[in-house]
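K.L.:
quick one, what's the 3D model for this:
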Amino acid sequence: MDLVGLSCLSGAHRYLFPRVVELLREQGADDITVIGGGIIPDQDFEPLTAAGIKAIFTPGARLDAIVDWVRTNIKPRK
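P.N.:
Numbering: from 1, shown residues only. Below you'll find the model as predicted:
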């Protein structure tokens, strides 16, 4: 697996997203990129990126912009 995309609308993103990154690291899978989306306030971006979330997409993000980000930043494993 090359990428995990998480979505959260409940407001628990500051706990759930970093926890997923932590669990991946514990399993030796810290090479898997984690991105997030949902209703995420601007002030939460920095703590999430500091916790290892590589990109955050909020409501209104265009699908083509997300696909472009993935194509640019995720290289498939061979």
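
K.L.:
find the residue at the geometric middle of the chain.
P.N.:
Geometric centre of the chain, nearest residue: I35, 1.4 Å, by CA atoms, centre = their mean.

K.L.:
next secondary structure after the host helix or strand of that residue?
P.N.:
Following DSSP states H and E, one finds I35 within strand 33-38. Downstream of strand 33-38, the next assigned helix or strand under DSSP H and E is helix 45-50.

K.L.:
still on that earlier bit, what pairs with the strand holding I35, and is each one parallel or antiparallel?
P.N.:
Within its sheet, strand 33-38 is paired with strand 3-8 (parallel), strand 53-57 (parallel), according to DSSP bridges.

K.L.:
point out where the protein drops to low pLDDT.
P.N.:
1 (pLDDT under 70).

K.L.:
mind giving me the packing neighbours of the lengthiest helix in the chain?
P.N.:
Identified as the longest helix of the chain according to DSSP state H is helix 13-26. Contacts defined by 3 or more CB pairs under 8 Å, 6 or more residues apart in numbering; DSSP states H and E place helix 13-26 against strand 3-8, strand 33-38, helix 45-50, strand 53-57. Just so you know, the C-beta spots here come from the backbone N, C-alpha and C atoms, and that holds for glycine as well.

K.L.:
out of these, which is the most enclosed?
P.N.:
Among the helices and strands packed on helix 13-26, ranked by average contacts under mean count of other CB atoms under 10 Å, first place goes to strand 33-38 (a mean of 21).

K.L.:
now the angle from the longest helix of the chain to strand 33-38?
P.N.:
Interaxial angle of helix 13-26 relative to strand 33-38 (axes from the mean of the first three to the mean of the last three CA atoms, to 10 degrees): 160 degrees.

K.L.:
give the buried residues for helix 13-26.
P.N.:
Neighbour-count burial for helix 13-26, counted by 16 or more other CB atoms under 10 Å, picks out H13, F17, P18, V20, V21, L24.

K.L.:
I32 is in contact with G5, correct?
P.N.:
No. The pair G5 and I32 does not pass the contact test of CB atoms under 8 Å, sitting 11.0 Å apart.

K.L.:
quick check: A50 vs I35, distance?
P.N.:
In this view, A50 and I35 are 15 Å apart by CB to CB, to the nearest Å.
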